[in-house]
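Participant: need the 3D shape of this:
(2 chains)
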Protein chains: 2
Amino acid sequence: MILSALLTSVGINLALCFLFFTLYSILRKQPGNINVYAPRLVAEGKAQQRGRFNLESLLPTASWVKKAWQPSEDELLSIVGFDAVVFMRILTFSLKVFSVAGVLGVFILLPINFVGTQLNEDSSDLPNKSLDSFSISNVNDGSNRLWIHFCAAYVFTGVVCYLLYYEYNYISSKRIACFYSSRPQPHQFTILVRAIPIPSGSTCSETVESFFKENHPSTYLSHSVVRRTSKLQDHYEKKLEDVEHNVRLEQSSLAGKEVSAAFVSFKSRLGAAVALHIQQGINPTEWITERAPEPHDVHWPFFSSSYLKRWICTLMVFAACAALTILFLIPVVIVQSLTNLDQLETWFPFLEGILSLTVVSQVITGYLPSLILSTFLSFVPPIMIIFSSMQGYISHSRIEKSACIKVLWFTIWNIFFANVLSGTVLYQVSVFLEPQKIPSVLAEAVPAQASFFIAYVVTSGWTSLSSELFRSIPLLCNFFKRVFSGKNDDEFEVPSIPYHSQIPKIIFFGLLGITYFFLSPLILPFLLVYYCMGYIIYRNQLLNVYAPKYEAGGRFWPIVHDSTIFSLVLMHIIAIGIFGLKKLPLASSLIIPLPILTLLFHEYCQKRFLPIFQAYPNECLVKKDKEDLNDPTITEFYENLVTAYRDPVLSMQYPVSTDGRNTPLLHTA
Amino acid sequence: MILSALLTSVGINLALCFLFFTLYSILRKQPGNINVYAPRLVAEGKAQQRGRFNLESLLPTASWVKKAWQPSEDELLSIVGFDAVVFMRILTFSLKVFSVAGVLGVFILLPINFVGTQLNEDSSDLPNKSLDSFSISNVNDGSNRLWIHFCAAYVFTGVVCYLLYYEYNYISSKRIACFYSSRPQPHQFTILVRAIPIPSGSTCSETVESFFKENHPSTYLSHSVVRRTSKLQDHYEKKLEDVEHNVRLEQSSLAGKEVSAAFVSFKSRLGAAVALHIQQGINPTEWITERAPEPHDVHWPFFSSSYLKRWICTLMVFAACAALTILFLIPVVIVQSLTNLDQLETWFPFLEGILSLTVVSQVITGYLPSLILSTFLSFVPPIMIIFSSMQGYISHSRIEKSACIKVLWFTIWNIFFANVLSGTVLYQVSVFLEPQKIPSVLAEAVPAQASFFIAYVVTSGWTSLSSELFRSIPLLCNFFKRVFSGKNDDEFEVPSIPYHSQIPKIIFFGLLGITYFFLSPLILPFLLVYYCMGYIIYRNQLLNVYAPKYEAGGRFWPIVHDSTIFSLVLMHIIAIGIFGLKKLPLASSLIIPLPILTLLFHEYCQKRFLPIFQAYPNECLVKKDKEDLNDPTITEFYENLVTAYRDPVLSMQYPVSTDGRNTPLLHTA
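Facilitator: I've put the predicted structure just below:
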């Protein structure tokens, strides 16, 4: 790609962004769109309905930027919850990282690359200059200037590791602080028990009760057996509003399918933690305990109590992900053919005329490939959500976290590796079967794709942000609803932010920035623009649009940490290869300690911080439990706790079980 | 190697074994040797001293075989403890596996191999026949008979997996049963806490007491702070017998070095388990808890309370193991040159005359190599014990387990892989950097070393067993002691069985048997002899010689399980390669599901059984705790528990610490 093609792409996208921003600042002031652009405020009753219409509302303003900028982190925490604060910290962390990288890259590395003569380009014709002349490829082989790149890699890794440590430390202490300041909540006192071994002649409920009364006599409070009610809900939800007692009985016989799993509540958080952390039964595949989610976070459809079944499901999901990855190679190949126009002309000779037009070829090489990729990529998060839910997680939040990890690795593999390797050794997954060749293969292939990824940041990154702000699909839905139903519908759902699609995107741009930091520093300014815009836009959306449905306690951060370490090590591996190719073998060897040190740092962080994100320590649990003793509302809380994990559909009833005996749905000890 | 060379080797070793057995049966009856051959019985006062001398005692008898054979497993359990029973089950497990393998191998595979014509050997001259004609190499390429080998691989894997499951299940249920039948023991109620964060102005003891009183108010019993007393012990042990009060004071000021670690005891087993399994402090690298060992099992010299220090030590030990592995290649190269006599003649031409003698060449190829290897290998277990203790384990039993794993992998790498690969691609560790080539490389190299490993089983295996029985070094020591000190010394230590050197040996022969099962079934009869002899000899030694010093609760079994799975998968990988080389690609592909299924089976076993070996489940703890409530001796036990983890050197004293304040060594809550 040449510089002018990049500038075309930047121009198109800047224009698009401004268009979206302008439209947004106008549309958001229109009274009919308040459900689209401020559903959260409407739901909270904070949005004041404006007058019917005035001319002033047609003028674009930037007041929303100021409003989004203003709240401090503590205010944000109280308004949008801890997960959203962690989400915003991913953006500020990235901003910090790429500010440092930007200064190093643009002011030190870029000039060095540019004055190199390796590629023998004519330096007078700037617009037609290939982007490669800004990359490390242009530095002369064996030049001592490469030692500056070498130092930059060390300095940058040090800075990133410092920031990672600081951030992990900060977020984990915030997590503990949030726990300390929380009110007693049902999921803190409850665990989910699966694979309950029910002796013949006994019911699940009796088994659970006798087991926990025997083994946790002082802390056991109550339990509620899980029933498969999802199908029921579909059939009866509407009818329930005017349901009669006999209907309820009929329903209860349908609901009779008891699952050998139960939510067990305890009188203290420590009591729940003891049951959670210590293996309960002699057979470790029975009485499997896990943290209970918040009551409204429970997800039933794929619930399975059997250990073996879940294990097999996980294996199947793994296979399905692999299949999806292979299928996804098809759009990647299409995209790659678009960046190599010569190849396209060979395949479709009749296109030659059109492709010779400068604008067309520039749009095709600069804009279309990443548009196609991001379109296909937008189908991936929903699919991964389905895969994750098939693994039998009990809560939406855990499904979302699992899907987030899947989407992330899918993106890294299918966007980064498939693109990088298809340019040179497509389908050669075999690269990874010869580990000693990886550095040199990557060192050849990765810099070659620099221009594609710069364009990808500009098109996919910037566009995704402005469409996030503009919310085109809800806007259209809202418009048609108003036109056709004729009334301003009061019933609407406040959306929650889809972390599983947003976080992988942000992390992936971070991976691009880190790997290309010293290869092709031209990418860094565009990334900085992306993160700045992202900071404002996501703040705006969190404050106005999204409402947190459930709290994951900042459990997304470890994913960010891990993948940043991965990006760093990937950068080091490429550096080993690059310095080898550039005939500076000493630098190539001296880089080797860097990934080792980074991985040791990672190992240390895992031990130092990860346990805090997996469970709350004894010290905190005891402290909170002691506070409860002085809390006058705790008796009321216990009463609510008993019914907290009751299925909403089945509540308010005492069904007769299929064998005719009276079995209350919920048993209190 | 030709058949006659093998028979020479077998002959020499059989003769040696009989010699040792005869000598043993005579020497054991001599009154002066009772401390060598029955120290355990002497210590227990069960051995009756015979009269001075009679002629009958010079006649070799086999009565010891009968005595060793008789006790049932339950009797063995009560006499020698659970670990020894698990040790014996390794042998019975191996016997079962290789009985099946022997039947399949000798009666089905061996004849098929022998009638093949691939190697074009003259079938008339049996003694000069190469051992290769009994191996799979002799089966004709592409022959359909190879499908019998294919089926044998599947059947054998199935049988081994079934036996593994059965054994894991049996041993884990025995482990629980042993726990149920045990008396209350200090280590069940105690944990070790390291990395205690001591606030300035406070002592370790105060910190521990306030922390546990705060967080475990109902179960905390007492604690004793760890002091570095090992150096002290060396200086004062002898003097202590007649020590005066002022000496004690001097000593206590030397002993002042308090370590930020403590043994904390609880009133119940569940209390200890709660503190063990739940992260205690907010910072996971502080208040690190681990199971306390039995009081007499504690090992001080390399004790470190700092998390970071232990981590660095572990990394250093890892590096040291790698260095040792590389150094060990030297004897391996020597051994390899001995099996390739031609090469030796090229290097040292003057040997040509000697080497042309048949007997010399047969001894050199058949006997010397494995003797050299096993001599060098005998230095490895003590070195690994030192390495493991440097990692900062708190107990001898854990050091021994860790050393056992190290010795095992060292043996597998340096005896199996280094020998196999040195014959063809010495120093080509790079084989493992090209994973797709591993099957074919191994398939070429492994069968070529069959004769070496058959000789290794016969020489190293059989000899090590008979020398185990004969106890030559203790015998000599005892002899010189009697001759020079002139008296029959009453002071002697009952040895404990060195699991870390014995278990890897037994497992390694299992690995040889499993990998060579279908390649060269000739190895199987010799292995069966090894295990039969081992069964009797180890039983005899456990009953008469060794006394258990501490109980590891059968924690050696998971090592056996893991390595057996490793052997199976190794066999499968070689099978993939072999069927490829033998031009039967379909069989090669159809073997692939086998390692996958085996690994899934392993994964399942890990989940099903491993947790039982790591900690006792809640159900068991509660049951035992309830029994204690009716135990009249429990108050006395609690009193003893308070002093159980007191250092024997420092007990009976109340030292003045360096800052002049009176700090009792042990603080009771």
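Participant: please enumerate the strands of chain A.
Facilitator: For chain A, strands defined by DSSP state E occupy the ranges A:190-194, A:220-227, A:258-266, A:288-291, A:666-668.
Participant: sketch out the low-pLDDT regions of chain A for me.
Facilitator: Chain A contains residues with pLDDT under 70 at A:1, A:47-53, A:121-124, A:228-233, A:235-257, A:339-344, A:366-367, A:422-433, A:486-491, A:647-669.
Participant: from residue B:284, how far off is the closest residue to chain B within the stretch 51-200 of chain A?
Facilitator: Across the stretch 51-200 of chain A, no residue is closer to chain B than residue A:176, which sits at 5.8 Å (CB to the nearest CB). (Glycine included, C-beta is placed from N, CA and C.) Between residue A:176 and residue B:284 the computed distance is 12 Å (CB to CB, to the nearest Å).
Participant: identify the contacts common to those two.
Facilitator: Taking CB atoms under 8 Å, 6 or more residues apart in numbering or on different chains as the contact rule, the neighbours common to residue A:176 and residue B:284 are residue A:612.
Participant: closest to chain B out of the strands of chain A?
Facilitator: Among the strands of chain A, if distance is taken as CB to the nearest CB, the winner is strand A:288-291, at 9.7 Å.
Participant: just the helices in the stretch 201-350 of chain A please.
Facilitator: With DSSP state H, counting those that start in this stretch as the criterion, the stretch 201-350 of chain A has helices at A:204-215, A:230-236, A:245-254, A:269-277, A:307-327, A:329-339, A:341-347.
Participant: quick check, the fifth one touching chain B?
Facilitator: In other words, helix A:307-327. Yes - counting by CB under 8 Å from any CB of the partner chain, chain B has neighbours in helix A:307-327: A:307, A:308, A:311, A:315.
Participant: okay if I get those residues as a markdown table plus neighbour count?
Facilitator: Shown next, in a markdown table, are the residues of helix A:307-327 next to chain B (neighbours: other CB atoms under 10 Å in any protein chain shown):
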| residue | neighbour count |
| --- | --- |
| A:307 | 19 |
| A:308 | 13 |
| A:311 | 18 |
| A:315 | 13 |
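Participant: near chain B, which residues of the stretch 151-300 of chain A are found?
Facilitator: So far as CB under 8 Å from any CB goes, the stretch 151-300 of chain A lies against chain B at A:176, A:214-215, A:270, A:273-275, A:277-285.
Participant: just the buried ones from those residues, in PyMOL syntax?
Facilitator: A single PyMOL command is used to select the members of those judged buried by 16 or more other CB atoms under 10 Å in any protein chain shown:
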select buried, chain A and resi 215+270+273+274+275+277+278+279+280+281+282+283+284+285
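Participant: packing partners of the longest helix along chain A?
Facilitator: Among the elements of chain A assigned as helix by DSSP state H, the one spanning the most residues is helix A:146-181. Contact analysis of helix A:146-181 by 3 or more CB pairs under 8 Å, 6 or more residues apart in numbering or on different chains; DSSP states H and E lists helix A:82-104, helix A:557-581, helix A:585-591, helix A:593-614, helix A:618-629 as its packing neighbours.
Participant: now do the fourth one: distance to the chain's middle.
Facilitator: Right, helix A:593-614. 21 Å (CA atoms, centre = their mean, to the nearest Å).
Participant: likewise for the first one?
Facilitator: Taking the mean of its C-alpha atoms, helix A:82-104 sits 15 Å from the chain's own mean (CA atoms, centre = their mean).
Participant: just the angle between that helix and helix A:557-581, please?
Facilitator: If you take axes from the mean of the first three to the mean of the last three CA atoms, to 10 degrees, helix A:82-104 sits at 20 degrees to helix A:557-581.
Participant: also the fourth one?
Facilitator: Put simply, helix A:593-614 runs at 170 degrees to helix A:557-581, going by the same axes, to 10 degrees.
Participant: give me every residue in chain A lying close to chain B.
Facilitator: So far as CB under 8 Å from any CB goes, chain A lies against chain B at A:176, A:214-215, A:270, A:273-275, A:277-285, A:307-308, A:311, A:315, A:430, A:433-436, A:600, A:604, A:607-612, A:615, A:617-622.
Participant: could you rerun that using 7 Å?
Facilitator: A:176, A:214-215, A:273-274, A:277-282, A:284-285, A:433-436, A:607-608, A:611-612, A:615, A:617-620, A:622 (CB under 7 Å from any CB of the partner chain).
Participant: grab the nearest non-local neighbour of residue A:154.
Facilitator: Residue nearest to residue A:154 in three dimensions, not counting chain neighbours: residue A:594, with 6.4 Å by CB to CB, 6 or more residues apart in numbering or on different chains.
Participant: and if you look at residue A:511?
Facilitator: In space, residue A:511 is closest to residue A:567, 4.3 Å off (CB to CB, 6+ apart).
Participant: also residue A:315?
Facilitator: residue B:600 (7.8 Å).
Participant: cool, residue A:334 as well?
Facilitator: Closest to residue A:334 by CB to CB, 6+ apart is residue A:372, at 6.4 Å.
Participant: just to check, that neighbour is in contact with residue A:335?
Facilitator: Yes - with contact taken as CB atoms under 7 Å, residue A:372 and residue A:335 are classed as touching, separated by 5.5 Å.
Participant: who has more neighbours, these two?
Facilitator: For the pair residue A:372 and residue A:335, the greater number of neighbours falls to residue A:335 (22 against 15), based on other CB atoms under 10 Å in any protein chain shown.
Participant: how much space between that one and chain B?
Facilitator: Computed as CB to the nearest CB, to the nearest Å, the residue A:335 to chain B distance reads 29 Å.
Participant: verify the stated contact: that residue with residue A:369.
Facilitator: Yes - in this structure, residue A:335 is within contact of residue A:369 by CB under 7 Å, at 4.3 Å.
Participant: now do the helices in the stretch 401-550 of chain A.
Facilitator: A:418-425, A:438-448, A:450-456, A:462-470, A:472-485, A:499-516, A:523-544.
Participant: what count of nearby residues applies to the residue nearest to residue A:154?
Facilitator: Neighbours around residue A:594, by other CB under 10 Å: 21.
Participant: dump the residue contacts of it.
Facilitator: Residue A:594 makes contact with A:153, A:154, A:157, A:572, according to CB atoms under 7 Å, 6 or more residues apart in numbering or on different chains.
Participant: turn those into a markdown table, including distance to residue B:4 and neighbour count.
Facilitator: Shown next, in a markdown table, are these (distance: CB to CB, whole Å; neighbours: other CB atoms under 10 Å in any protein chain shown):
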| residue | distance to residue B:4 | neighbour count |
| --- | --- | --- |
| A:153 | 64 | 23 |
| A:154 | 64 | 16 |
| A:157 | 64 | 23 |
| A:572 | 58 | 24 |
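Participant: show me the two of the residues you listed that sit farthest apart.
Facilitator: Taking CB to CB, the two most distant members of these are A:154 and A:572; they sit 9.9 Å apart.
Participant: export stretch A:412-422 as PDB, just CAs?
Facilitator: Extracted in PDB, the C-alpha atoms of stretch A:412-422 (Å, rounded to 0.1, in the frame of the first residue of the first chain):
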ATOM      1  CA  ILE A 412      -6.100 -13.200  17.200                       C
ATOM      2  CA  TRP A 413      -5.900 -16.400  15.200                       C
ATOM      3  CA  ASN A 414      -8.200 -15.500  12.400                       C
ATOM      4  CA  ILE A 415      -7.400 -11.900  11.900                       C
ATOM      5  CA  PHE A 416      -3.800 -11.700  13.000                       C
ATOM      6  CA  PHE A 417      -2.200 -15.100  12.200                       C
ATOM      7  CA  ALA A 418      -4.400 -16.100   9.200                       C
ATOM      8  CA  ASN A 419      -3.800 -12.700   7.600                       C
ATOM      9  CA  VAL A 420      -0.100 -12.700   8.400                       C
ATOM     10  CA  LEU A 421       0.600 -16.200   7.200                       C
ATOM     11  CA  SER A 422      -1.800 -16.300   4.200                       C
END
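Participant: report the closest residue of the stretch 101-250 of chain A relative to chain B.
Facilitator: For the stretch 101-250 of chain A, CB to the nearest CB, closest residue to chain B: residue A:215, 4.7 Å.
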